[in-house]
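S.K.: after the sequence you'll find the predicted model.
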Amino acid sequence: MAVTLAELARRVHGTVRGQQATAIERVAPLAGAGPQDIAFLADRKYQKLLAETRAGAVILRESDIGDYAGNAIVVVNPHLAFAQIAAILHPTPASVASIHASALVVSGAQVSPTASVGPLAVIDEGAMLGERVQVGTGCYVGRGAVLGAGTRLVANVYIADGCVVGRNCLLHPGAVVGADGFGFAKDGERWHKVPQLGRAVLGDAVEVGANTTIDRGALADTVIGSGVKLDNLIHVAHNVRIGDNTAIAAQVGIAGSTTIGQRCTVGGQAGIVDHLTIVDDVHITAGTLVTSSIDKPGVYSASLKAQPVEAWRRNAARLHHLDELARRVQALEAALEKKTKEKQA
Amino acid sequence: MAVTLAELARRVHGTVRGQQATAIERVAPLAGAGPQDIAFLADRKYQKLLAETRAGAVILRESDIGDYAGNAIVVVNPHLAFAQIAAILHPTPASVASIHASALVVSGAQVSPTASVGPLAVIDEGAMLGERVQVGTGCYVGRGAVLGAGTRLVANVYIADGCVVGRNCLLHPGAVVGADGFGFAKDGERWHKVPQLGRAVLGDAVEVGANTTIDRGALADTVIGSGVKLDNLIHVAHNVRIGDNTAIAAQVGIAGSTTIGQRCTVGGQAGIVDHLTIVDDVHITAGTLVTSSIDKPGVYSASLKAQPVEAWRRNAARLHHLDELARRVQALEAALEKKTKEKQA
Amino acid sequence: MAVTLAELARRVHGTVRGQQATAIERVAPLAGAGPQDIAFLADRKYQKLLAETRAGAVILRESDIGDYAGNAIVVVNPHLAFAQIAAILHPTPASVASIHASALVVSGAQVSPTASVGPLAVIDEGAMLGERVQVGTGCYVGRGAVLGAGTRLVANVYIADGCVVGRNCLLHPGAVVGADGFGFAKDGERWHKVPQLGRAVLGDAVEVGANTTIDRGALADTVIGSGVKLDNLIHVAHNVRIGDNTAIAAQVGIAGSTTIGQRCTVGGQAGIVDHLTIVDDVHITAGTLVTSSIDKPGVYSASLKAQPVEAWRRNAARLHHLDELARRVQALEAALEKKTKEKQA
């Protein structure tokens, strides 16, 4: 699909610099783009690529134009404009409203006539699929579960009984919403299962990555706010609450009953232990373990950097005696002070 | 379903304080409970909630009653009694023994007449399903695999050929039991696959979380003891052995041929490297890497706490020169000792 | 299947020591092997087991024979020979070329007549399955996706539209290839999805573990080299490139646009942040976070060892004041130097 530069600029509230009528067919990276492609300048540090690009047009900030003389769409937020233009030029294939012959829609389920249910998907009793919902191949939507309008389950997604997914959500393959939380009572040496009776409730515009798991609550619900983005292989335990527009990278684990604020970001493989409260606008770096509540916005970290192994081993060995080392420093300070006093005396 | 307080107390070996005939319908948290609900007091620190609760009854310890004048079931272990009462009041919907029309039971598989096989599940040749087994939507039970009486595979669970799951186990969506272990022999620059010929064998009353993977053994079996509870997204490598009643939190990784004892607990995201032996009653804190065998019961840790990033970066930078710092402290000690001796001389 | 020692030795380019005609039926560990079994000596440290084994034959190095007087196949690389012999004695059951009646092969898909498609698998429009491809139960192969000759998807594997898997690959249950990368542009407080338009492209002889996820590229492709081995629950983000014959253990996370060289190894639970370059022949230890590019082959580490919790807490507490401690050491050094100078003066 070719769209003129003028039309693209209009759609992203930008202004054209150069040939308004240039026909653009695709998005592409600056380095590989050709005359039918539009690229974007993410950062001034890529100015060199800008000078050399053969792109039909470039999306950039006014302040980054420099010597660039080619066609451009000038905007305030090039990354956002790029995302919007990519969606225009590369639309997701429209889903035809239909229920595949091999899908199982149990009687009592309510499926909007504008929804689609893919091959071998199962929509269980009392489930409700809103307008334009797309349930892909092999998904399961449990009894009484609700999928809001425009939500898409890509494939092999599992939504447990009674769980709720808001509007315009996107759940990737292997995502599991509403499996039992990990709750057991001690019974002598054994663990006795505590029934997990809450739900998992997702807001609107939530994205859930491949093979990510969001457990149902124990009594109250597990709650994921609107606009939350979860990458792959994340674990969200029972009764966790995540505020709106928080973004969490892959393999993060959030333990039971922890509350995370709005607009937070959590780097990959970070962990947050149970029963904590993290306020709004907190940013956790990759690989960091959070073991106490955080009551002040800011960036928090506890991750170590890889070193060549011999150097690291020497340092790590010292770390295991750091308390002793600190005491020796205290002793030295005391000894030196004593000496100084003796001298003065 | 309403049950009298007297009956509930009888079932959990507790004693009623207050109105024996109070009808209880649901479990609920102390804070939100109403007159038809029963709540429990997990810990004395929630005494304030107890004073304010509108719950129809509360499960608690004798010693925690304090000023509470409402209905109660008094027990030794309130958490356990709560779990038992929750199961009474909120029973899992009974599964009807049947094989769904869309399921595939290959000839030669043995399915108990009291077992149920859900939609689009596949029971392969020679597999055996014991009494009251429930195989949910989209599960696969491999050739010759065995599921013990009362075991339930929730949905999309994969049990590989020849693997064994004991009685009364519960496997959550996306769990994979018996995929090949990660075994390769070096062949010049390339990796040559070592056939993985062992099985994965699970005891009774094992719970396996969503998207957790338990690999089959290389030659001998991977063995999960009875009563073991595994949370979501855990990796159990080939030839691992886990002792009875050990509980492991989400995203833990256990590398090949490591043996873990009985009654251990492992915190989320912890890792245990290969070929180690961990004795009974060892507890590993969240995020800790275990790189040596542990031969003494106790709590082990190596996790760091998140700090504001500027402070952390300064500390972490020093850590990368800690060996040098320790040497400088040694030099200071030597210099001071020398000085002291000179003076005395 | 019984094979003579002579024949086995011929197949692995080894030489027989002892009875050429000994019939071997199985591989087994040294400790448990019987007269029909062949075992291997992995390492000289297992010499004691060698002395006691009842194995029909043992695979070992010339230099490890010592006092062992039993049948043997002598080779340069016993582990490799063992892998090869295990494959001979325990062949994977041959797959019959067929499309199961319950599978859905959408018109326009090209399936080699020698390929097999299992129950409830879906081969979407325009997908291409090469010779001897095996697609197991419940797998999905997306529109226009390509599976090279001899590749096997075990079960419940998801291959997204347009993705490419080379020849002789093995993908385990729950693997997800080509889900959207985690790409969002900031739009005020919200995250706006950046369409993920690249592919995931896997070379030949790649193994992908259970529930591992490999995202498609944003614009360019995510590329996994030939001979790469990925364990379970690994996350490979968009636009990552992994060089040939690199092996990565379970639960590793590799963030977006990072390039890893050839013949690298990455230990379990390690993480590599985004936009880094790791050269060939780099080895990362388990649990290590890599936060800077690595331009020199070698072993890199930043993992800590578990200690008894009381000792660890004391050390970790000091770590959080390490910068201050280092400053105190500097102050001591300065004070001592000053004293020394005063004395000399």
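M.R.: Received, thanks.

S.K.: surely residue A:83 is in contact with residue C:191?
M.R.: No. Using C-beta atoms under 8 Å, residue A:83 is not in contact with residue C:191, being 9.7 Å away. For glycine as for every other residue, the C-beta is placed from the backbone atoms N, C-alpha and C.

S.K.: what's the overlap in contacts for these two?
M.R.: Shared contacts of residue A:83 and residue C:191, defined by C-beta atoms under 8 Å, 6 or more residues apart in numbering or on different chains, are found at C:184, C:185.

S.K.: can you list the buried residues in the longest helix along chain A?
M.R.: The residue-count maximum for a helix in chain A (DSSP state H) belongs to helix A:322-344. Residues of helix A:322-344 classed as buried: A:322, A:323, A:325, A:326, A:328, A:329, A:332, A:333, A:335, A:336, A:339 (neighbour count, 16 or more other C-beta atoms under 10 Å in any protein chain shown).

S.K.: same deal with stretch A:8-19?
M.R.: If you call a residue buried by 16+ other C-beta under 10 Å, then stretch A:8-19 has these buried ones: A:8, A:9, A:12, A:14, A:16, A:17, A:18.

S.K.: so what pLDDT did the last one get?
M.R.: If I follow you right, that is residue A:18. With respect to pLDDT, residue A:18 has a value of 96.

S.K.: the closest residue to it other than its chain neighbours: neighbouring residues, count only.
M.R.: In this structure, residue A:18 finds its nearest non-sequential neighbour in residue A:71, 3.4 Å apart by C-beta to C-beta, 6 or more residues apart in numbering or on different chains. For residue A:71, the neighbour count with other C-beta atoms under 10 Å in any protein chain shown is 19.

S.K.: circling back: okay, angle between the longest helix of chain A and helix C:322-344 too, please.
M.R.: 30 degrees (axes from the mean of the first three to the mean of the last three C-alpha atoms, to 10 degrees).

S.K.: the residue nearest to residue A:18 reaches residue A:16, doesn't it?
M.R.: Yes. Under the criterion of C-beta under 8 Å, residue A:71 makes contact with residue A:16 at 7.4 Å.

S.K.: which residues are in contact with both of these two?
M.R.: The contact lists of residue A:71 and residue A:16 share residue A:5, where a contact means C-beta under 8 Å, 6+ apart.

S.K.: re the thing from before, where is pLDDT lowest across the buried residues of helix A:322-344?
M.R.: Comparing the buried residues of helix A:322-344 by pLDDT, residue A:339 comes last, at 82.

S.K.: that one and chain C, how far apart?
M.R.: Distance, residue A:339 to chain C, using C-beta to the nearest C-beta, to the nearest Å: 8 Å.

S.K.: contacts only, for that residue.
M.R.: Counting by C-beta under 8 Å, 6+ apart, residue A:339 has contacts B:339, C:339.

S.K.: can you tell me which residues in the stretch 51-200 of chain A are near chain B?
M.R.: Residues of the stretch 51-200 of chain A found near chain B (C-beta under 8 Å from any C-beta of the partner chain) are A:104, A:120, A:122, A:138, A:140, A:156, A:158, A:160, A:174, A:176, A:179-180, A:182-187, A:189-195, A:197.

S.K.: how close does residue A:172 sit to chain B?
M.R.: The value you get for residue A:172 to chain B, if C-beta to the nearest C-beta is used, is 12 Å.

S.K.: can you check residue A:51 too?
M.R.: Residue A:51 is 35 Å from chain B, by C-beta to the nearest C-beta.

S.K.: my read: that residue touches residue A:68, true?
M.R.: Yes. If you go by C-beta under 8 Å, residue A:51 and residue A:68 touch, sitting 7.0 Å apart.

S.K.: do stretch A:241-254 and chain C meet?
M.R.: Yes. Stretch A:241-254 lies within reach of chain C by C-beta under 8 Å from any C-beta, at A:244, A:245, A:247, A:249, A:250, A:251.

S.K.: reformat those as a markdown table; add distance to residue A:302.
M.R.: Formatted as a markdown table, the residues of stretch A:241-254 next to chain C follow (distance: C-beta to C-beta, whole Å):
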| residue | distance to residue A:302 |
| --- | --- |
| A:244 | 26 |
| A:245 | 24 |
| A:247 | 20 |
| A:249 | 16 |
| A:250 | 18 |
| A:251 | 16 |
